[in-house]
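1. Provided below are the primary sequence and the corresponding predicted coordinates.
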Amino acid sequence: MEESILVVNCGSSSLKLALFDQKNRKIASALAEKLNNSDAFARISGDDNPVELPAGASHEQALQALVNEFRNRQLLTGTPKAIGHRVVHGGETFREAVLVDDATEQAIEACAELAPLHNPVNLAGIRAMRALFPDRPHAAVFDTAYHHTLPERAYRYALPEHCYTQWGIRRYGFHGTSHYFMAREAARLLGKTPATTSIISAHLGNGCSITAIRDGLSVDTSMGLTPLEGLVMGTRSGDVDPGLFDYLATRGVSATEAHRMLNNDSGLLGLSGQTNDMRSLCELADHGHEPSQLAIDVFCFRLARYVGAMTASLAQLDALVFTGGIGENSPRIRQETVKHLGLLGIELDTGLNRDHGRMSDGFVSSPDSRFPVLVIPTNEELVIAQEAERLASA
Ligand code: AMP
């Protein structure tokens with residue numbers, strides 16, 4: 001099918017591949033995990049049988065195997081119209097999605113310093129797919145790009161100027177594709193245009209970020225130079241006092257160890273001592289596990305503080321929007337967050353909040369709420385497919 005679009009999302013040891021038809025319907029998806037490990041495996045969604053991979057398969061080998069499998073199953077016939085690639089960091093170079101050529105690859109490589117865990121593997125996916133489909137257009141869609149409209153007062157840190165001018169130290173923001181989708185979908189649900197819609201978008205998954213969107217544009221966001229800043233996340237601390245590094249150093253904790261602690265051992269996992277999975281935490285808290293309840297409390301309180309902070313960037317608020325695995329699926333977390341927002345006059349409807357969200361979008365606020373609250377399932381793959389199709393058609 002010449003009109004189909006492939007979407008590639010390569011993580012450090014996993015990858016997702018999705019296939020969209022010309023009407024933007026997802027017709028297949030696949031997942032490979034534990035790549036570069038002896039127990040690497042891959043599966044087509046909806047089928048428990050594994051797709052055969054070479055032992056210790058690389059990202060390239062897994063992509064090749066999954067594309068072959070799409071072909072064997074007649075899901076992909078001929079060549080796709082375009083291939084869309086998720087790239088985490090576009091630095092200040094990429095302010096929007098672009099078609100990939102050799103120069104683009106080099107520029108993505110140059111941004112790898114800012115996202116050493118992500119950009120190199122994103123690039124490996126691009127190179128593998130360009131080798132498989134050398135004649136097809138490939139689009140790179142950046143997590144940072146949507147935030148290129150942040151005003152300087154929002155993206156600059158109060159550091160000596162050379163930190164920014166020489167080293168590019170500034171706030172970039174992430175989850176841009178998801179926040180952009182929220183801006184678009186919230187406008188649709190509100191019966192408005194994105195250009196006249198202002199929302200606060202809370203993306204709460206394993207990674208969490210919140211963005212103030214003014215008239216369709218990102219004007220403030222919680223993640224910064226790296227995706228560590230801001231909200232409490234699954235294993236990431238979010239905001240801490242920068243004085244912590246020196247304090248830890250005096251206790252023999254190196255910068256590398258501190259980095260690992262803040263990224264991998266903190267957040268919900270660190271506070272609860274049990275798990276980074278919100279669903280499990282809620283169950284543990286229900287069984288009286290106090291550290292799990294504390295993790296939930298800190299998560300929701302930090303989030304509510306940030307909702308308040310985001311209002312400083314808005315002249316109107318058309319909706320507070322929840323998305324991501326937690327935002328879409330947890331009435332409890334939405335309720336526990338909104339309970340701190342009484343002064344803003346935000347109230348949920350207990351019934352709507354309980355019933356809504358799971359795989360569907362809609363309002364969860366009470367009629368008395370000063371501002372509407374929406375739940376919208378995110379769809380970053382769809383945005384990447386649409387961007388790839390748009391660039392390929394241009
Ligand atoms: P994501 O990274 O967007 O896939 O989100 C993953 C997070 O969503 C994990 O912490 C899950 O525990 C959480 N999650 C998924 N379903 C639920 C649920 N029903 N209640 C609470 N958290 C959930």
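-> Alright, I've got the coordinates. What you see is a predicted model, and the numbers here were worked out from it, not measured in a lab.

2. Would you map the strands across the protein?
-> 5-10, 15-20, 26-33, 41-44, 50-51, 82-87, 98-99, 138-142, 199-204, 208-214, 217-221, 319-323, 362-363, 373-375 (DSSP state E).

3. Tell me which residues touch the nearest residue to residue 301 once chain neighbours are set aside, please.
-> Among residues not flanking residue 301 along the chain, residue 340 sits closest, at 6.2 Å (Cβ to Cβ, 6 or more residues apart in numbering). In short, each C-beta sits where N, CA and C put it, glycine included. Applying Cβ atoms under 8 Å, 6 or more residues apart in numbering, we find residue 340 in contact with 300-301, 304-305.

4. okay if I get the strands of the chain as TSV plus mean neighbour count, mean pLDDT and distance to residue 166?
-> As requested, those are exported to TSV (neighbours: other Cβ atoms under 10 Å; pLDDT from 0 to 100; distance: least, Cβ to Cβ, whole Å):
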stretch	mean neighbour count	mean pLDDT	distance to residue 166
strand 5-10	27	97	30
strand 15-20	24	97	35
strand 26-33	19	96	39
strand 41-44	19	95	43
strand 50-51	16	92	47
strand 82-87	27	98	24
strand 98-99	18	98	26
strand 138-142	28	98	23
strand 199-204	29	98	31
strand 208-214	27	98	27
strand 217-221	24	98	24
strand 319-323	27	98	36
strand 362-363	16	92	48
strand 373-375	24	97	42
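
5. about what we covered before: now which of the contacts of residue 340 would you call buried?
-> Among the contacts of residue 340, those buried by neighbour count (16 or more other Cβ atoms under 10 Å) are 300, 304-305.

6. Is there proximity between the helix ranked longest in the chain and the ligand?
-> Determined from DSSP state H, the single longest helix within the chain is helix 290-310. No: Helix 290-310 stays clear of the ligand (Cβ under 6 Å from any ligand atom), getting no nearer than 9.9 Å.

7. what mean pLDDT does that helix have?
-> Averaged across helix 290-310, the pLDDT comes to 98.

8. Report the buried residues of that helix.
-> Result for helix 290-310 [16+ other Cβ under 10 Å]: buried residues 292-293, 295-296, 298-300, 302-307, 310.

9. quick one, it and strand 199-204 angle?
-> Interaxial angle, helix 290-310 versus strand 199-204 (axes from the mean of the first three to the mean of the last three Cα atoms, to 10 degrees): 160 degrees.

10. Would you mind measuring from the closest residue to the ligand within the chain to residue 9?
-> Relative to the ligand, the nearest point of the chain is residue 325 (2.1 Å; Cβ to the nearest ligand atom). Separation of residue 325 from residue 9 (Cβ to Cβ, to the nearest Å): 15 Å.

11. on that earlier part again, and the contacts of residue 340, which is closest to residue 102?
-> residue 305 (45.0 Å; Cβ to Cβ).

12. what's the closest non-adjacent residue to the closest one?
-> According to Cβ to Cβ, 6+ apart, the nearest residue to residue 305 is residue 340 (7.7 Å).

13. What residues does the protein have near the ligand?
-> Applying Cβ under 6 Å from any ligand atom, we find that the chain lies next to the ligand at 205-206, 234, 277-279, 282, 324-326, 329-330.

14. Neighbour-wise, give me the winner out of those residues.
-> Using other Cβ atoms under 10 Å as the neighbour test, the residues of the chain next to the ligand are led by residue 326, with 27 neighbours.

15. which ones are touching the closest residue to that residue other than its chain neighbours?
-> Counting by Cβ to Cβ, 6+ apart, residue 326 lies nearest to residue 204, which is 3.9 Å off, once chain neighbours are set aside. Contact partners of residue 204, counting by Cβ under 8 Å, 6+ apart, are 231, 303, 322-327, 333.

16. And residue 296, by the same measure?
-> 278, 281-282, 285, 332-333, 336.

17. Just among those residues, which is most surrounded?
-> residue 281 (28 neighbours).

18. List the beta-bridge partners for the residue nearest to residue 326.
-> residue 208 (DSSP bridges).

19. Next one: it from residue 343, what distance?
-> Residue 204 is 22 Å from residue 343, by Cβ to Cβ.

20. same question, residue 291
-> Counting by Cβ to Cβ, the gap from residue 291 to residue 343 is 29 Å.

21. and what of residue 117?
-> For residue 117 relative to residue 343 (Cβ to Cβ), the value is 39 Å.

22. And these two? Which one has more around it.
-> The neighbour comparison of residue 117 against residue 343 (other Cβ under 10 Å) goes to residue 117, with 13 against 7.

23. pretty sure the more buried one is in contact with residue 12, am I right?
-> Yes: if you go by Cβ atoms under 8 Å, residue 117 and residue 12 touch, sitting 5.4 Å apart.

24. Okay, now the unreliable bits of this structure?
-> In the predicted model of the chain, residues 1-2, 357-359 satisfy pLDDT under 70.

25. Show me the residue sitting in the middle of it in space.
-> residue 175 (3.6 Å; Cα atoms, centre = their mean).

26. Now the residue lying farthest from the centre of the chain. Its backbone dihedrals?
-> Going by Cα atoms, centre = their mean, the residue of the chain most distant from its centre is residue 250, 34.7 Å out. Torsion angles at residue 250 (phi, psi; degrees, to the nearest 10) stand at phi -70, psi -10.

27. what about it, distance to residue 244?
-> Here the distance between residue 250 and residue 244 works out to 11 Å (Cβ to Cβ).

28. Name the residues contacting each of the two.
-> The contact sets of residue 250 and residue 244 do not overlap (Cβ under 8 Å, 6+ apart).
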